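Asker: mind looking at a prediction? Sequence and model below.
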2 protein chains.
Amino acid sequence: MAPLPHPLAVLSEEETSIARDVVLAQHPKTIIQFREIYLSEPGKDQLREFLTLEHAGRLSPTTPRPPRLALCQYDVIGSDRLPVYQEALVDVNTRKRVEHRVIAKEHHASLTLAEFDTVVERCLASPLFKEAIAEFNLPEGFDVVIEPWPYGGLDDTDPKRRFFQALCFATNSRKNNPDANFYSYPLPIIPVMDAVTQEIIRVDRPATGGKGDGLEQQTFNRDIVAHCKDSEYVPELLENGTRKDLKPLNVVQPEGPSFTITNESLVEWQKWRFRVAFNPREGATIHDVWYDGRSVMYRLGISEMTVPYADPRPPYHRKQAFDFGDGGGGNMANNLSLGCDCLGVIKYFDAILTGPDGTPKKLPNAICLHEQDNGIGWKHSNWRTGRAVVTRHRELVVQFIITLANYEYIFAYKFDQAGGITVESRATGILNVVNIDPGKTSEYGNVVSGGVLAQHHQHLFCVRMDPAIDGPNNSVVIEESHPVPMNEATNPHGNFYRVTNQTIERATYLDAAPQLNRVIKMVNPNKKNPISQKAVAYKFTPLATQLLLADPNSIQARRAQFAQHHVWVTKYRDTELYAGGRYTLQSQVEVEGVADAVKRGDPVDNTDVVVWNTFGITHNPRVEDWPVMPVEIFQLMIRPSDFFTENPALDVPSSKNVSSRVVQSECCHDSHI
Amino acid sequence: MAPLPHPLAVLSEEETSIARDVVLAQHPKTIIQFREIYLSEPGKDQLREFLTLEHAGRLSPTTPRPPRLALCQYDVIGSDRLPVYQEALVDVNTRKRVEHRVIAKEHHASLTLAEFDTVVERCLASPLFKEAIAEFNLPEGFDVVIEPWPYGGLDDTDPKRRFFQALCFATNSRKNNPDANFYSYPLPIIPVMDAVTQEIIRVDRPATGGKGDGLEQQTFNRDIVAHCKDSEYVPELLENGTRKDLKPLNVVQPEGPSFTITNESLVEWQKWRFRVAFNPREGATIHDVWYDGRSVMYRLGISEMTVPYADPRPPYHRKQAFDFGDGGGGNMANNLSLGCDCLGVIKYFDAILTGPDGTPKKLPNAICLHEQDNGIGWKHSNWRTGRAVVTRHRELVVQFIITLANYEYIFAYKFDQAGGITVESRATGILNVVNIDPGKTSEYGNVVSGGVLAQHHQHLFCVRMDPAIDGPNNSVVIEESHPVPMNEATNPHGNFYRVTNQTIERATYLDAAPQLNRVIKMVNPNKKNPISQKAVAYKFTPLATQLLLADPNSIQARRAQFAQHHVWVTKYRDTELYAGGRYTLQSQVEVEGVADAVKRGDPVDNTDVVVWNTFGITHNPRVEDWPVMPVEIFQLMIRPSDFFTENPALDVPSSKNVSSRVVQSECCHDSHI
């Protein structure tokens, strides 16, 4: 019998189908609507045992492997037609359900695209919705577009009921182009659907006023989009076409890439070795990261993000997305071959998602992997001899891109030759916008196109780092640099500053402190660097970006505790992966998120510790962010700190790139004026 | 007669020679030692008049042009053999000296490499120095290397005297390689030379102790480098050679570059138009920056940087370099063709420096210009249709690299297709290190190699922005995002935050405030964005990096006021270019630097305003920074903010790059274990 796949390999289509069949067999004569089926990663004790054998080269076809467990999330539609959300763990090898629970009603399952389809369908059929639309005089040839949204946090409605809302737009159908940008014609109506009854229960009418108009709608403008205009981005609809003076810049790798991939998940490149996985919640995740035979990270993932909007006019306070928890970042991942997303030689990884009937749905090219050049890596010129030695900074990039209706995020894990890992987030896509009356401006956002208000909002990301710095037991140390007053004994000339190191004893949170040059070190207190005598470490400087602005008592804040501090340090627990809690959709408060994990107060010194980093952007939109926003880039830089005994990139060849050349007269000329 | 060169063109070799001849003619029968001769940029009134005609297409060969003024800096050696530092402005067209001044003795001229040569020469001849060296038993085949340094700030010595110090190392000459890394054998002696008498007046003996050993030297170890070891970086000296598994990654531009260069200084690329210049102080500077027919910046330059060291043991408090003011960043610029510094198609610019006799010395390839790809520029996928539109983010890079003995900085001005300008600094090179006794560690730095202590230090950069946002008169606005307590009237659900804008009235300084998302906007209060109704602007978020740590009363701090706040806003004055003051070498206090400019308290609203941004790194070295440090990257991102009426990169073509390809089986295989 062939051995089980690697314990970190994503579930195959076959395994997914087996899991579905086991679930269906447990619920005979019942309607089952599947949400997700994906690998439940093995517990760390079990997985570590396997990985230890693997790294020792002692795996054989008969080595015991952790069971392949499928986490199945589904609704059971009972005789009362009410769906009951349940989760099961299925061992796909033994074809047995090994765990099963009915999720308590205060939690909502994450949404599915099928639910969104229902919202669109029910709006179109709803008399309430039709009445609302009829209040407007849409120009001839304009159709209504319904953009379903999670309902945000509930405050005034029964939290056990499941709702969806939708933002509405008009699209100029006379263009005969399904990619005409409807976002430039926002309609001020927000239908609300009860997800259980599938009824449109209400159509909210947000205000369209400006400064001084207050929080409530004043009067309704029937010509609701007369002051809006086309804002196209697909090339064939651009009024003046695309620019003609950009010449090609090609990345060519004549000998192929420098990486190797084994069994579709093990990546080896420039002394790095790690596994790439994918799940519908986090998208691409990175596992079992080693450098030159030494362990660095057990797991690295984008844990959560929240996007709260700051427009106080009801019901805009409900605009708060949790882009990983609400619908699954991985579920929203792009097929990357559809756009020219990377240059050079690219390796794509497929993902397996789940259809409503539980069948596996392949998402081709959900992750891409490629090398890129990032400028000079290190350089020194000897001024005595004129000899310059310079190397380039090559990076290996694992990238995935998610689309959340109007908006996109590009996430990349970048490994470099100097032992560094950079987690990058690029925000792009189309701003989420609402209608504003002609000629008005607003203190709640910026007018980015006629009649289009882009509301102030924040994007707060949380990256989860599960370090394994040269072994399983690590500590977290806060390094700071403090000024020292001039004094005869220790600082006679005033130039001294003191570098302090404080080990965190118990689970806690803390914030960036650039004025102290606060650096977070993940150290192995049991391994000393033979040169510096310091504990081997990886470090990062938490980005000093603004934290969540919402009032601490607001629903927005209560359900996003993780967004209120930059760094969280917790003791590892299996399945504790989600900073904002397991269930974020329509949550009223963060449940079992990172803040709760901290509250346990576990000892975190010299043990299996997890570090979470929150950073983000307060996004007060610019006109330049319209109609599609140029990327805004954030980088969490995780760097070795006395982990190695020298610059790990020292042996990178410094040979001149033969294909570079000096420009000829083609670019350059003299003018006599 | 041919018209004068463009007023911003650097002085030609011919013009430099004329200036020299005029100076020599003014000082007959005297010895003149030249320091620098370079273009004195025209006053803004005069230059703006010319540029206005140029942009209107109304230049002709007979258009009056600002005179070509050469700033000549030189020592006049009088009959008492004492050099007197003087400066003259020479009109190279009329061959007349138009201004002349003798610099007051409290200021010191910046150093020249000729002075450094003298330090080396005089050390080798000095009995004091020979005695100091004789205290050590250097292993057979080891020679002494003398590394001249500026003397830092004076506190206990006559400030009118000019000194140099030198750090000393030993080099293993048996390697027969002049690029063997001598920095790994530091010697604890610091000779001091009087620059006027050229005498070695003293040899300081810094301590080599560790924790608990106090500030003073205890006992001297004769086998001073016995515990040091080779730390090589040139490839032929690496013990295991260079890695073999890195395959080539080529940047190929088959149709050539997308830029054009006219008259060696005017660069046009992707709607950008600007001039590149060079001077021995700042290196590459950027002038007269326009985008699509609209003015953005009058001038952009790296104004100053300081590198204070934090080891309190005398005389290490004197280790504080001003890398632009002390010796001239431009003077230290690399010939970029000597290393493989860039990929793709590269345009190089030469620079003209000055020899001690005033003759022009061409520095070939001092600046390079090339295009690069920086990942995705913007993307949106329509989830309804599956259509993805994605563009790449192309950048044009103007780069120069300076070497300051052991250390290098890579500076780049990057222009992008979305109207952004990024000023980037990469720190690399070899750490400045000192000897430490065997087995000890220190609270003043990190041991990075046997016997090698890399002291804690800071790098503080200051970028000078002279904006011309859509015209000459600009204001500076502080935008902040403030939380608002939940309240029925304005924030019933607690999600609202208030965005404030405050115009700066009078010259001032201020600091980064990430907790308020503080953004600095350079606005034109006379031009409104037609869509948002806001003043057109460019903005940047000051990097919240740690400011100068030295005690405010220390010499280090007094001479580096500019390093004590992140942002400085001043009224423009001709020639006010240097944040740390015109004369930094051996300064005791910052004179006529940006702090003094602020003290004038000029009105800065709707006028010709200058914005200075200080940022940096507190560099507590890692073992990984040895022997050559991987780049540490800082980016000041200057971005349009309601300057345009849409994303300026909207018309970038989204066509698929034809040379990219999907990886074949070459990288990938399955294993059955």
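Answerer: Cool, the structure landed.
Asker: okay, CA-based contacts and neighbour counts for the rest of this
Answerer: Will do.
Asker: hang on, isn't A:Gln253 packed against A:Ser659?
Answerer: No. Using CA atoms under 8 Å, A:Gln253 is not in contact with A:Ser659, being 10.8 Å away.
Asker: between those two, tell me which one has more neighbours.
Answerer: Neighbour count, other CA atoms under 10 Å in any protein chain shown: between A:Gln253 and A:Ser659, A:Gln253 has more, with 19 against 15.
Asker: for that one, give me its contacts.
Answerer: A:Gly344, A:Val345, B:Lys247, B:Pro248, B:Leu249, B:Asn250 (CA atoms under 8 Å, 6 or more residues apart in numbering or on different chains).
Asker: what subset of the residues you listed is buried?
Answerer: Among the contacts of A:Gln253, those buried by neighbour count (16 or more other CA atoms under 10 Å in any protein chain shown) are A:Gly344, A:Val345, B:Pro248, B:Leu249, B:Asn250.
Asker: ok, the second one to chain B distance?
Answerer: Spatial separation of A:Val345 from chain B under the definition CA to the nearest CA, to the nearest Å is 5 Å.
Asker: and A:Val276, by the same measure?
Answerer: A:Val276 is 14 Å from chain B, by CA to the nearest CA.
Asker: what pairs with whichever strand or helix holds that residue, and is each one parallel or antiparallel?
Answerer: In this structure, A:Val276 sits in strand A:272-279 according to DSSP states H and E. Sheet partners assigned to strand A:272-279 using DSSP bridges are listed as strand A:266-269 (antiparallel), strand A:283-291 (antiparallel).
Asker: any chance you could list what contacts the shortest one?
Answerer: Surrounding strand A:266-269, the residues in contact under the criterion CA under 8 Å, 6+ apart are A:Ser258, A:Phe259, A:Thr260, A:Ile261, A:Arg273, A:Phe274, A:Arg275, A:Val276, A:Leu396.
Asker: got it, and the last one?
Answerer: Outside of strand A:283-291, the residues within contact range by CA under 8 Å, 6+ apart are A:8, A:271-279, A:295-302, A:328-331, A:333, A:367, A:399-400, A:419.
Asker: repeat that with 6 Å
Answerer: A:271-278, A:296-301, A:329-330 (CA atoms under 6 Å, 6 or more residues apart in numbering or on different chains).
Asker: before we move on, what about stretch A:550-560?
Answerer: With CA under 6 Å, 6+ apart, stretch A:550-560 has contacts from A:Gly153, A:Gly580, A:Gln588, A:Val589, A:Glu590, B:Pro485, B:Met486, B:Gly494, B:Asn495.
Asker: list the buried residues in that stretch.
Answerer: So stretch A:550-560, judged by 16+ other CA under 10 Å, has buried residues A:Ala550, A:Asp551, A:Pro552, A:Ser554, A:Ile555, A:Gln556, A:Ala557, A:Arg558, A:Arg559, A:Ala560.
Asker: same check on stretch A:216-231?
Answerer: Buried, per 16+ other CA under 10 Å, within stretch A:216-231: A:Ile224, A:Val225, A:Ala226, A:His227, A:Cys228, A:Asp230, A:Ser231.
Asker: sorry, back to before: looking at the buried residues of stretch A:550-560, which are in strands?
Answerer: Secondary structure assignment by DSSP state E places none of the buried residues of stretch A:550-560 in strands.
Asker: closest to B:Glu106 among those?
Answerer: Nearest to B:Glu106 out of the buried residues of stretch A:550-560 is A:Ala550 (CA to CA; 55.2 Å).
Asker: what's the closest non-adjacent residue to the closest one?
Answerer: B:Asn495 (4.6 Å; CA to CA, 6 or more residues apart in numbering or on different chains).
Asker: and that neighbour, helix, strand or coil?
Answerer: Counting by DSSP: H, G, I helix; E, B strand; the rest coil, the backbone at B:Asn495 sits in coil.
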